[in-house]
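Engineer: Test case, fold it:
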Amino acid sequence: MAVTIYGVCAVTFMMVMYALEARGRGFILAFAAGCVLSSIYGFLSGAWPFGVVELIWAGIAFKRWQATPLTAR
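Structural biologist: Numbers count the residues shown, from 1 in each chain. Okay, the predicted model is just below:
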């Protein structure tokens, strides 16, 4: 039950940060962190393909954060 609650919180956080990405580059980094949290949930729940895909998304989001200029909204 605790893993399920963690998963709901992690995925919800990730989705909210994704929705807020246009507000600033900090939200892109937060989305990357949310992907890592969701990946951990995938591995904890035994859904390792989900965990792997979320780690890949975290890397993509991190690269996007690095490529976003500091002056971007």
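
Engineer: all contacts plus neighbour counts: C-alpha atoms, from now on.
Structural biologist: Will do.

Engineer: Need the three-state assignment for the residue most central in space within the chain.
Structural biologist: Nearest residue to the geometric centre of the chain (Cα atoms, centre = their mean): Cys35, 2.2 Å. Recorded secondary structure, Cys35: helix (DSSP: H, G, I helix; E, B strand; the rest coil).

Engineer: Isn't it up against Leu55?
Structural biologist: Yes: in terms of Cα atoms under 8 Å, Cys35 counts as a neighbour of Leu55; the distance is 6.5 Å.

Engineer: Buried residues, stretch 41-58. List them.
Structural biologist: Going by neighbour count (16 or more other Cα atoms under 10 Å), the buried part of stretch 41-58 is Tyr41, Gly42, Phe50, Gly51, Val52, Val53, Glu54, Leu55, Ile56, Trp57, Ala58.

Engineer: Kindly list the main-chain dihedrals of the first one?
Structural biologist: In terms of degrees, to the nearest 10, the main-chain angles of Tyr41 are phi -60, psi -40.

Engineer: can you map out the strands along the chain?
Structural biologist: Read by DSSP state E, the chain holds no strands at all.

Engineer: which regions of it lie under the pLDDT threshold?
Structural biologist: 72-73 (pLDDT under 70).

Engineer: how does it look with 50?
Structural biologist: Filtered on pLDDT under 50, the chain yields no residues whatsoever.
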